[in-house]
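Chemist: Sequence and predicted structure, then a few things I'm wondering about:
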Amino acid sequence: MTSKPLKSQQKPTRTGATVSLHGRGPYRIGYARPPEAYQFKPGQSGNLLGRPTAATRLSRLGLAPLLAEALAEPVMFYVGGKRRRMTRITAMTKTFAAAAAAGDAHAVALLVDLFRDVVEALLLRLPA
């Protein structure tokens, strides 16, 4: 024979319902007043980890996907006096190439390093 749950163990579901739990007198349920069965117990909080910070998101995802997303966004860029739509990484590469062609030593060194990295990556992908 199954026994009926005690009144204090029943879940009140109606808004505005008055319940007497644990001998404390009537307790009105409603907005910002959840049933006692669903309230946090003493010493317990609702969100132990708290809201993740931007730094946590960055460490969880890593910098590479965020950087790739930012560099893949389209921008308007002037090439030969005409506006062209291209990705940021393409625009940056064209800017560095133009600066290197004009004699900027820093741009030349950067392009040589990038070219070396690209060639190494391509050689590693070739079958032996």
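Modeler: Good, I have the coordinates. Numbers count the residues shown, from 1 in each chain.
Chemist: longest helix of this structure?
Modeler: For the chain, the helix with the greatest residue count under DSSP state H is helix 105-125.
Chemist: give me phi/psi at residue 35?
Modeler: Phi and psi for residue 35, reported as degrees, to the nearest 10, are phi -60, psi 150.
Chemist: in the chain, which spans are strands?
Modeler: Ranges of strands in the chain, per DSSP state E, are 18-20, 26-28, 74-79, 82-87.
Chemist: could I get these as a markdown table with mean pLDDT and mean neighbour count?
Modeler: (Glycine included, C-beta is placed from N, CA and C.) As requested, the strands of the chain are exported to a markdown table (pLDDT from 0 to 100; neighbours: other CB atoms under 10 Å):
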| stretch | mean pLDDT | mean neighbour count |
| --- | --- | --- |
| strand 18-20 | 60 | 13 |
| strand 26-28 | 77 | 11 |
| strand 74-79 | 88 | 12 |
| strand 82-87 | 92 | 11 |
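Chemist: before we move on, the earlier item: and the longest helix of the chain, average pLDDT?
Modeler: The average pLDDT within helix 105-125 is 88.
Chemist: Remind me what that helix packs against, helices and strands.
Modeler: Secondary-structure packing of helix 105-125 (3 or more CB pairs under 8 Å, 6 or more residues apart in numbering; DSSP states H and E): helix 88-101.
Chemist: Other residues contacting the helix it packs on?
Modeler: 70-75, 77, 79, 86, 106-108, 110-111 (CB atoms under 8 Å, 6 or more residues apart in numbering).
Chemist: chain center to it: distance?
Modeler: Helix 88-101 sits 30 Å away from the centroid of its parent chain (CA atoms, centre = their mean, to the nearest Å).
Chemist: May I see the buried residues of that helix?
Modeler: Within helix 88-101, the residues that count as buried by 16 or more other CB atoms under 10 Å are 90, 91, 96, 99, 100.
Chemist: Output these as CSV; include the columns pLDDT and distance to residue 50.
Modeler: CSV is the format used below for these (pLDDT from 0 to 100; distance: CB to CB, whole Å):
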residue, pLDDT, distance to residue 50
90, 90, 41
91, 90, 40
96, 87, 43
99, 92, 46
100, 91, 48
